[in-house]
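Engineer: with the sequence up front, the predicted model follows.
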Amino acid sequence: MEIIKGGVTAAKGFQAANTAAGIKYKDRDDMALIYSEKPCVVAGTFTRNVVKAAPVKWDRRIVTESAFAQAIVVNAGIANACTGEEGMEYCRQTAGYAAQALGIPRDSVLVASTGVIGMQLPMEKLTAGITAMVPKLSDTTLAGEAAAKAIMTTDTHKKEAAVTFSIGDKVVTVGGMSKGSGMIHPDMCTMLAFVTTDIAISKELLQEALSSVVDDTYNMISVDGDTSTNDTCLVLANGMAGNDMITEKGQAYDAFVQALFQVNRDLAKMMAGDGEGATALFEVKVVGARTKEEAVILSKSVVTSSLTKAAIYGHDANWGRILCALGYAGVDFDPEKVDLYFESANGKLQIVKDGVALGYSEKEATEILTADAVTAICDMKQGGAEATAWGCDLTHEYVTINADYRS
């Protein structure tokens, strides 16, 4: 497997476009379009929040009922959530308008929205945006990059990832883009992620592959403990790599799952590190746990601890907060066996051994915690299972952004 530059246009046959429709933002692009030259099998995972946005309901139906998918229309600024039947009608209108412009069936068009909850979409601006984007569709790296920028809300930078690998003599590409900075908490996948691939694979195995990587990628990130109403991850596969159709598990399927995992893990980590107001990616590795399930619970407990996140922001090696978060996670362990470490590009330091603080240098610890990415390693010394969760520090800026979000 090789990591390459690019995103949703990296795979054969996929194009993207962007535009400034003025849906909410007045000074930037706010719409993106992804299109495949050929019909795609499609898989998806969606929010488990009981309150589901209209686009989530629309896309779930397309994923489960439609023969194929071929396009995704995305808008930023307004979430089309808590908008009733009117919001659902706007999904139908958006898909229908895009379908007509592209010459494809309405039920092959997926839609996604992100932004403020409770506002209705200005359909005249949305349809004008689609009209503007269709002639601009391009398979260039720049087109994919511009689309990734257009779906941002409070994100500070675009999020793209792509890899290639071989099945026999055929090169397969997997690429994707995502957005997410706030209202992010592990429960399915977080905010919006769109992955494209030219692999030939059955719909059933594509869905199984996506579902298998979600738990160790999007489900392992948290910014603020809030699970969005709009969480959506879609994967489109158009078969243009020319490999033999994958209809059963084996070496080819395993290679695809590895590539899909790589792309989605990279996108997930980018979202975690770009949390609203964040200054650092905060990674928590739990090792030596009895089971994978317990390692997941423990790592999530630490990465979501507000007090620990605040300590990371303050470059304070406040290890007591980590032990506390482990302790209330709901997993039984012996606190007098736990070892804790901090690690970053600036070094690695053990701060706790067998539940008791070592005589470490606070200056050295602070230096480690000033890096852009910081890892806390928790060795439970109970077994051989491990898990990694990703989040970010908690800053004053997070409150500022979310206090003023609607205005």
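Structural biologist: Structure received. What you see is a predicted model; the values in this text were computed from it and never measured.

Engineer: endpoints of stretch 236-255, how far apart?
Structural biologist: 17 Å (CA to CA, to the nearest Å).

Engineer: which residues does it contact?
Structural biologist: Contact with stretch 236-255 is made by 1, 11-14, 34, 36-42, 69-70, 72, 165-168, 170-173, 194-202, 205-206, 209, 256, as judged by CB atoms under 8 Å, 6 or more residues apart in numbering. Placement of C-beta: from N, CA and C, glycine included.

Engineer: just those: which are in helices?
Structural biologist: Leu205, Leu206, Ala209, Phe256 (DSSP state H).

Engineer: just the buried subset of these, please.
Structural biologist: For the ones in helices among the contacts of stretch 236-255, a burial check counting by 16 or more other CB atoms under 10 Å picks out Leu205, Leu206, Ala209, Phe256.

Engineer: for the first one, what are its contacts?
Structural biologist: Okay, so that is Leu205. Taking CB under 8 Å, 6+ apart, one finds Ile246, Thr247, Glu248, Lys249, Tyr253 in contact with Leu205.

Engineer: report the secondary structure state of the closest residue in space to Thr308 that isn't next to it in sequence.
Structural biologist: In space, Thr308 comes closest to Arg321 once its chain neighbours are excluded; the distance is 4.5 Å by CB to CB, 6 or more residues apart in numbering. For Arg321, the assignment made with DSSP: H, G, I helix; E, B strand; the rest coil gives helix.

Engineer: picking that back up, give the buried subset of the contacts of stretch 236-255 as a ChimeraX selection command.
Structural biologist: Applied in ChimeraX, the following selects the buried portion of those according to 16+ other CB under 10 Å:
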select :11,12,13,14,34,36,39,40,41,42,69,70,72,165,167,172,173,194,195,196,197,198,199,200,201,205,206,209,256
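
Engineer: Ile246 bridge partners, please.
Structural biologist: With DSSP bridges as the criterion, Ile246 is bridged to Ile201.

Engineer: for it, grab the count of nearby residues.
Structural biologist: Residue neighbour count, defined by other CB atoms under 10 Å, stands at 23 for Ile246.

Engineer: swap in Arg48?
Structural biologist: 11.

Engineer: correct me, but Ala53 touches Ile78?
Structural biologist: No: Ala53 is not in contact with Ile78 according to CB atoms under 8 Å; the separation is 10.2 Å.

Engineer: what do these two both touch?
Structural biologist: In terms of CB under 8 Å, 6+ apart, Ala53 and Ile78 are both contacted by the residues Ser113.

Engineer: quick one: average pLDDT of the helix or strand harbouring Glu145?
Structural biologist: Using DSSP states H and E, Glu145 sits in helix 141-150. When pLDDT is averaged over helix 141-150, the result is 97.

Engineer: buried set for that helix?
Structural biologist: Under 16+ other CB under 10 Å, the buried positions of helix 141-150 are Thr141, Ala143, Gly144, Glu145, Ala146, Ala147, Ala148, Lys149, Ala150.
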